[in-house]
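A.B. asks: can't give you the sequence, but here's the structure:
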C-alpha cells in the first residue's frame, strides 16, 4: 500500500509511518519542520523528507491513502491536492481503526494514567512472548517502536487520547476506535482550548462508552467518582468490571504489593500507579494472562519514559522527572514521591507549559496540587503565554491558585536553573514535572549534579 503522511514529523505520526514501513507499505511524507527525536528516527529508516515544506506534486493518483496530522492546516496545499484527486484521507485514529477492524481492539482511556496502563499491559505481553499490535505514547524498555501493526496479530492495544483527531476531523481520537474491551482510569477536566466547559469534557467519555461494541467490556476505576458515575449510568449493552487500588505498603523506600503469594517488591510506586497496575491486571486477564502470570511480569516493569522516571540517585538524594502537568497528575505524582521517601525533603518543581495550565481561569484547578512538597517551585514562560495568545498571568495569580504562601515562582529559565543548581540536595528528593524543559534545562546536567 502506498501511503503519504502530511505532517510526518509529529510524535504520533512518525511512529505510525515507521510502523507501516516495517509492515512493508511504501511510505512518503512531508512537513515544514521536524525536530528530534522524530527527525533521527525517520532518517534511520530513510523516511525523512529530502526538504521541508509542502509539495502538492508528491500527491499523485497512485497514492492510495493520505494520513493527515494535527500540525497541518485545513488549507494545506497537499491536502487540497489529495481532495482534488479523490484520494482517501484519514486522520491518525481513523487509519488505526481501518488497520484493526478485524482484531480485538483494547482501548485505554481516561484523563490520566493512559500511557502507564498501556505500557504495563504491553510489558506483560512482551514478558510472556504474546505478540500484539499496539499504539502507546511513550518509549518502552524492550520495544523498538511505539506503534506496531501486523496482519496476523489478534489483539491491538491502543492508548485512547481524548484530543482532536485532525484539522478536518474535530472528534476526539478515542471516539473512533470502537473498542471491544475498554478501560477508563479517571476523569479530570483538561484540554480547555477544545472543551471549554467541564460538562462538555465529561460528555466525551459518555460518547466513548457508547462506542464500545455490544457485548464488549469496560474496566473502570470505581475510586474515581466521576468515572463511577459515568460508567454506571451507561445503558450500553456492555459488561462492567470495577477495580480499586490494591493493598500495598512502603518500607525503606521500597513498595511492596500485596499478592496471593505474599508481599512482592515492585519498581513503580505511588497510589496512582498501584491503581493503574490493578487496571492493567484486569485487562491482561481478559487478554489471557492470569494473575500469577501478571504479577511475575509486572515485578520487572520499571515504568514508561518520562512517567516518574528516575534520572539520578546517590546515597543521599534521588531525582525523578515526570510528564505530569494537569492538576490531578501533579497532585498524585507529588504525593507519590513524598510517600515513597517520607524522611527526605521533597523539592517539587512544576512547569506550567500547556494551553490549559497557562489559562488564568483554569489555574484555580491547581489548588493544593503541590501541598505534599516541602519546597514547591513553579516555572512558567511569559513568552509561551504570548505565543498561545492567552491573557498575561501575574505572579500573584500563580500563588493564589496554588494556595501556598511559600510558593517559589520563576519566569526566567536562567534564574530557575541557578536556583536549582544552588540547592543542597543532601537527604532530599527532587521532582521535575513538565511536558516541556523549563526553557532549555539540560536534564543530563541535573543528573551530573546529583550523581
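C.D. replies: Now that the structure is in, tell me what you want to look at. Predicted model, so just to flag it, every value in this text is computed and none were measured.
A.B. asks: Quick one: list the elements packing against the helix or strand of the chain with the lowest mean pLDDT.
C.D. replies: Taking mean pLDDT, DSSP states H and E as the measure, the helices and strands of the chain show their lowest mean at helix 382-387, namely a mean of 75. The contact analysis (3 or more Cβ pairs under 8 Å, 6 or more residues apart in numbering; DSSP states H and E) places helix 382-387 against no helix or strand. For the C-beta atoms, the positions are set from N, CA and C on the backbone; glycine is no exception.
A.B. asks: which parts of that helix are buried?
C.D. replies: Burial within helix 382-387, assessed by neighbour count using 16 or more other Cβ atoms under 10 Å, is assigned to 384, 385.
A.B. asks: List of residues touching it?
C.D. replies: Residues outside helix 382-387 that contact it (Cβ atoms under 8 Å, 6 or more residues apart in numbering): 353, 358, 391, 392, 393, 411.
A.B. asks: Specify which member of those residues is nearest to residue 277.
C.D. replies: When the contacts of helix 382-387 are compared for distance to residue 277, the smallest value, 27.6 Å, is given by residue 353; criterion: Cβ to Cβ.
A.B. asks: Select the longest helix from this protein.
C.D. replies: Selection of the longest helix in the chain by residue count, based on DSSP state H, yields helix 271-286.
A.B. asks: Off-centre distance for it?
C.D. replies: On the basis of Cα atoms, centre = their mean, to the nearest Å, helix 271-286 is displaced by 16 Å from the centre of the chain it belongs to.
A.B. asks: on that earlier part again, just the buried ones out of the contacts of helix 382-387, please.
C.D. replies: Neighbour counting over these (16+ other Cβ under 10 Å) leaves 353, 358, 393, 411 as the buried ones.
A.B. asks: does residue 4 sit in a helix, a strand or a coil?
C.D. replies: Counting by DSSP: H, G, I helix; E, B strand; the rest coil, the backbone at residue 4 sits in strand.
A.B. asks: if we can go back for a sec, what mean pLDDT does the longest helix of the chain have?
C.D. replies: Along helix 271-286, the predicted local confidence has a mean pLDDT of 97.
A.B. asks: Let me know the next secondary structure element after that helix.
C.D. replies: With elements assigned by DSSP states H and E, the helix or strand that comes after helix 271-286 is helix 291-298.
A.B. asks: What's the mean pLDDT across that following helix?
C.D. replies: Model confidence over helix 291-298 averages 96 on the pLDDT scale.
A.B. asks: From the contact counts, what lies against it?
C.D. replies: Other elements packing on helix 291-298 under the criterion 3+ Cβ pairs under 8 Å, 6+ apart are helix 114-127, strand 254-259, helix 271-286.
A.B. asks: for the contacts of helix 382-387, which one is nearest residue 193?
C.D. replies: Distance to residue 193 across the contacts of helix 382-387 (Cβ to Cβ) is lowest for residue 358, with 10.2 Å.
A.B. asks: can you give me phi and psi for the closest one?
C.D. replies: Phi and psi for residue 358, reported as degrees, to the nearest 10, are phi -100, psi 10.
A.B. asks: Name all residues that make contact with it.
C.D. replies: 352, 380, 384, 385, 388, 390, 393.
A.B. asks: try residue 32
C.D. replies: 52, 53, 54.
A.B. asks: Distance check, the nearest residue to residue 360 once chain neighbours are set aside against residue 403.
C.D. replies: Using Cβ to Cβ, 6 or more residues apart in numbering and skipping residues adjacent in sequence, the residue nearest residue 360 is residue 391, 5.3 Å away. Computed as Cβ to Cβ, to the nearest Å, the residue 391 to residue 403 distance reads 20 Å.
A.B. asks: starting at the chain centroid, how far to the helix or strand containing residue 202?
C.D. replies: With the criterion set as DSSP H and E, the secondary-structure element containing residue 202 is helix 198-210. Counting by Cα atoms, centre = their mean, helix 198-210 is centred 19 Å from the centre of its parent chain.
A.B. asks: following it, which helix or strand comes up?
C.D. replies: If you walk from helix 198-210 toward the C-terminus, the next helix or strand you reach (DSSP H and E) is strand 217-221.
A.B. asks: any residues touching the one helix or strand residue 232 maps to, and which ones?
C.D. replies: Of the helices and strands defined by DSSP H and E, residue 232 is found in helix 225-233. By Cβ under 8 Å, 6+ apart, the list of residues contacting helix 225-233 from outside reads 110, 184-188, 202, 205-206, 209, 218, 220-222, 240, 242.
A.B. asks: if I look at residue 130, how far off is residue 325?
C.D. replies: Residue 130 sits at a distance of 33 Å from residue 325 (criterion: Cβ to Cβ).
A.B. asks: which of the contacts of residue 32 has the most neighbours?
C.D. replies: By neighbour count, taken as other Cβ atoms under 10 Å, the most surrounded of the contacts of residue 32 turns out to be residue 54 (19 neighbours).
A.B. asks: OK, contacts around that residue?
C.D. replies: Taking Cβ under 8 Å, 6+ apart as the definition of contact, the neighbours of residue 54 are 6, 30, 32, 76, 77, 78.
A.B. asks: Let's see that with 7 Å instead.
C.D. replies: With contacts defined as Cβ atoms under 7 Å, 6 or more residues apart in numbering, the neighbours of residue 54 are 30, 32, 76, 77, 78.
A.B. asks: Ok, residue 79 next?
C.D. replies: Contacts of residue 79 were listed using Cβ under 7 Å, 6+ apart, and they are 6, 68, 72.
A.B. asks: Looking at the contacts of residue 32, spot the one nearest residue 83.
C.D. replies: Of all the contacts of residue 32, residue 54 has the smallest distance to residue 83: 14.0 Å, by Cβ to Cβ.
A.B. asks: Would you mind stating the distance between that closest one and residue 68?
C.D. replies: When residue 54 is compared with residue 68 (using Cβ to Cβ), they lie 12 Å apart.
A.B. asks: try residue 111
C.D. replies: Summarising the geometry, the distance separating residue 111 from residue 68, computed by Cβ to Cβ, is 25 Å.
A.B. asks: Name the residue in the two with the higher neighbour count.
C.D. replies: residue 68 (27 against 22).
A.B. asks: So what sits opposite residue 376 in the bridge?
C.D. replies: Note on residue 376: beta-bridge partners residue 348, judged by DSSP bridges.
A.B. asks: Pull out the buried residues from stretch 301-312.
C.D. replies: Across stretch 301-312, burial judged by 16+ other Cβ under 10 Å covers 301, 303, 304, 305, 306, 307, 308, 309, 311, 312.
A.B. asks: Over to stretch 215-232?
C.D. replies: Neighbour-count burial for stretch 215-232, counted by 16+ other Cβ under 10 Å, picks out 216, 217, 218, 219, 220, 221, 224, 226, 227, 228, 230, 231.
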